[in-house]
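# Let's see this in three dimensions:
(2 chains)
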Amino acid sequence: MAEMAGIEVQNVSLGYGRRKVLDGISFNVAAGEMVGLIGPNGGGKSTVIRALSRVIPAKSGKIAVNGRDINRIPRDELAKLVGVVPQIPLLPSAFTAFEIVLMGCNPHLGLLQQESAADYERVWQAMALTQTRDLAKRRVGELSGGEIQSLLIARVLVQATRVVLLDEPTANLDINRQVEVLGLIRRLCLEEKLSVLVALHDLNLASQYCDRLILISEGKIYAEGTPAQVITQENLKAVYGVKGGVSVRLANGRPVVLPGDDTPSP
Amino acid sequence: MKPDAAAKGSETGQKLSSFRPYPGRRRRALVLGIMALVLILVIVLATAFGSVKIPMATISGILLDRLPLVDIPRTWAGTLETIIMDIRLPRVLLAGLVGAALAIAGATYQGLFRNPLADPYFIGVVQGAALGAVIGFLLPIGARGEMMVPLFAFLGAVVSIFVVYSLARVGKSLPMTTLILAGVALGAFFGSLVSYLVINSGASQIHGIIFWLMGSFSLTRWLEVWLVLPCVIVGVGVIMLFARQLNVMQLDEEQAQQLGINVERTKILLLAMAVLLTAAAVSFVGIIGFVGIIVPHAVRLIWGADHRFLLPLSVLAGAIFMILADLLARSLLAPTEVPVGIITALVGAPFFIYLLRRRRRVIF
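Residues are numbered from 1 along each chain as shown, chains lettered A, B, ... in the order given. Next comes the predicted model:
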């Protein structure tokens, strides 16, 4: 179990029509490990998450979750293994925040089953952890992008999967909420031995919170390893092609990216 | 993350668990119970109204006497019993069944298409039924049994959804926008055929056709009730089983899949059930517009969007609304009847606008 748990991606290729979006990608995420997906826009970060949740099937290669080929797992069972926090989706505005989080119970319920009192309790706890309890009665049409993102994290906690995929979970959050949300995910990852794959725009957040990083560019993995191995001036210049240049320093033993050339500030 | 924030959360979680946001289970059960009582009351009331005045006590006696294990001594004339049992009651019950079917089918179309205006016109089903019915009316007299119009209307609805479905299908998936576009196109095509046939029909047929196109419950017998009832039971039963899935499908299809819904299969099943309900309702009584839109939306306005509550409540509210509309249709200009489709829009629209103005909030 310990060896099998997690995500294995072997030589996966995938495209929309003729355009190839992922080209022979391979990586693993072990249980208890938090791995960050970084890279420029359009490089394939979201597509990796779509492929792993089988929303878009891979054209070739193999994706396994907990040692099982995801193509052989029925949809409802896959949703018990893999939970996704999508990037700023449209939510049906008439539903209450509570009802949205409650939907995380869906994969665990049969056709004739209703949510139990224990399920309601789990919803409340997830909402407490993500600080969305006060929103429970509000219609999601009235909520801000950041509040919705927090709700979706609560929903994936209720879904209670061993594998959690997050697509830009902090994009709409203030700095304090970014730190809280990623801290919560990191803590759950360690405590519950979850396999977490998180696509992040913010290189510094990725550097501070992830065990390993995968730098993805033009559908291929450009670099993989610890944050210090991946976030280097050379890699960033090669992948992002920053004209003004970026500089990389170390803070808490992890790289921090600063805009502008590496000239000491006054 | 501050560790004390999490601890505080789970402490108060205990207390909060008694609080149910919007509306609680007990309140839902209460509302459903009250609506069921109102429905029974409306059935009795609608049975009492008519050209022959029959006292309430007699009505109640005749109806209760039919229930198993109840025996009421007969103090009424046999003709009264015939009027109640063979003329009024089947008509009231059919109106209730049709109202329930159209309302829950409307809620299902709106849920599947994630569009507040979705109704069976979207996918050409009503136009198909209309074409079938008109063909039934125009059959040569010899071939024209009395069941020809409903049979052809039902077939028209079923054939049109199959055509729209096969036109809209892309590989293994059924994109809802393509389905609507194919449905609207086919609907327009069928609609023009209907218009052409209507203007070319003889004077003897045109009154029947026009009444059918606007809907009417006149001349309802028990046969219609017994034919529509099983369709309504199957359709309503299956759709209600999928109420939670329908909630999750209000997210986009990607999220619904990620939450364990087999989206393609569920879409097709629920669409088939909604079409079954629409076809069964429409084929006997003709086209009654607006019910499938107004009833689910009125329920959403008052009680919210959760399908587990919205669907059963739409069934009850649809039945009540349709029985009352038919009551108006036959008593407003008695002894002449007004097509019930006119009443549903005439009375329904102002009521709906009132609700819309009174509760200004997101409903869909």
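
# What segments of the stretch 1-150 of chain A are strands?
For the stretch 1-150 of chain A, applying DSSP state E, counting those that start in this stretch gives strands covering A:7-16, A:19-29, A:33-38, A:60-65, A:68-69, A:82-85.

# Deepest-packed of the ones you listed, please.
Neighbour counts (mean count of other Cβ atoms under 10 Å in any protein chain shown) averaged over each of the strands of the stretch 1-150 of chain A peak at strand A:82-85, with a mean of 28. Bear in mind the C-beta positions are built from the backbone N, C-alpha and C, glycine included.

# quick one: the nearest residue to A:Arg122 once chain neighbours are set aside from A:Val82, how far?
Of all residues not flanking A:Arg122 in the chain, A:Val158 sits nearest, at 5.5 Å (Cβ to Cβ, 6 or more residues apart in numbering or on different chains). According to Cβ to Cβ, to the nearest Å, A:Val158 and A:Val82 sit 14 Å apart.

# which ones are touching residue 225?
As the question left the chain open, I've gone with chain A. The contact partners of A:Gly225, by Cβ atoms under 8 Å, 6 or more residues apart in numbering or on different chains, come to A:212-213.

# my bad, chain B
So, once contact is read as Cβ under 8 Å, 6+ apart, B:Val225 ends up touching B:90, B:93-94, B:97.

# Quick check: it is in a helix.
Yes. The assignment for B:Val225 by DSSP: H, G, I helix; E, B strand; the rest coil puts it in a helix.

# distance of A:Pro92 from chain B?
4 Å (Cβ to the nearest Cβ, to the nearest Å).

# List phi and psi for the residue of the stretch 201-350 of chain B found nearest chain A.
Closest contact between the stretch 201-350 of chain B and chain A, by Cβ to the nearest Cβ, is at B:Gly260 (3.0 Å). In terms of degrees, to the nearest 10, the main-chain angles of B:Gly260 are phi 90, psi 10.

# Which helix or which strand is home to the nearest residue to B:Ser173 once chain neighbours are set aside?
Leaving aside its chain neighbours, B:Ser173 sits nearest to B:Glu264 (5.8 Å; criterion: Cβ to Cβ, 6+ apart). Assigning secondary structure by DSSP states H and E places B:Glu264 in helix B:263-285.

# helices or strands next to the next helix or strand along the chain from that helix in the packing?
Using DSSP H and E, the helix or strand that follows helix B:263-285 towards the C-terminus is helix B:291-303. Contacts defined by 3 or more Cβ pairs under 8 Å, 6 or more residues apart in numbering or on different chains; DSSP states H and E place helix B:291-303 against helix B:89-113, helix B:307-331, helix B:340-358.

# Can you give the contact residues for helix B:291-303?
Taking Cβ under 8 Å, 6+ apart as the rule, helix B:291-303 contacts A:94, B:23, B:31, B:99, B:102-107, B:109-110, B:116-117, B:119-120, B:278, B:309-310, B:313-314, B:317-318, B:321-322, B:344, B:348-349, B:351-352, B:355-356, B:359, B:363-364.

# re the thing from before, the residue of the stretch 201-350 of chain B closest to chain A: how many residues sit nearby?
23 (other Cβ atoms under 10 Å in any protein chain shown).

# Then B:Leu155?
So B:Leu155, with other Cβ under 10 Å, has 19 neighbours.

# Local confidence estimate at it?
At B:Leu155, the pLDDT value in this model is 93.

# Also B:Met1?
37.

# Scan the helices and strands of chain A for the one with the lowest mean pLDDT.
Least confident helix or strand, chain A: strand A:246-251 with a mean of 81, by mean pLDDT, DSSP states H and E.

# can you dump the C-alpha coordinates of it into CSV?
Only the C-alpha atoms of strand A:246-251 are listed here, as CSV (Å, rounded to 0.1, in the frame of the first residue of the first chain):
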residue,chain,number,x,y,z
VAL,A,246,14.9,37.8,-12.5
SER,A,247,17.1,37.0,-9.6
VAL,A,248,16.9,34.1,-7.2
ARG,A,249,17.9,34.4,-3.5
LEU,A,250,17.5,32.0,-0.7
ALA,A,251,15.1,32.5,2.3
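
# Check which helices and strands it is in contact with.
helix A:233-240, strand A:254-259.

# could you dump these to TSV with mean neighbour count and mean pLDDT?
Shown next, in TSV, are the helices and strands packed on strand A:246-251 (neighbours: other Cβ atoms under 10 Å in any protein chain shown; pLDDT from 0 to 100):
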stretch	mean neighbour count	mean pLDDT
helix A:233-240	16	87
strand A:254-259	16	86
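
# Can you pull the poorly scored residue ranges out of chain B?
B:1-24, B:141-145, B:359-364 (pLDDT under 70).

# So for the residue of the stretch 151-266 of chain A found nearest chain B, what pLDDT did the model give?
Nearest residue of the stretch 151-266 of chain A to chain B, counting by Cβ to the nearest Cβ: A:Gly183, 3.6 Å away. Note on A:Gly183: pLDDT of 92.

# same deal with the one 10 residues further on?
According to the model's per-residue confidence, A:Lys193 sits at a pLDDT of 91.

# pretty sure it contacts A:Ala5?
Yes. At 7.3 Å, A:Lys193 counts as touching A:Ala5 under the criterion of Cβ atoms under 8 Å.

# which residues sit in contact with the nearest residue to A:Asp76 once chain neighbours are set aside?
In space, A:Asp76 comes closest to B:Gly260 once its chain neighbours are excluded; the distance is 4.1 Å by Cβ to Cβ, 6+ apart. Neighbour list for B:Gly260: A:75-80, A:106-107 [criterion: Cβ under 8 Å, 6+ apart].
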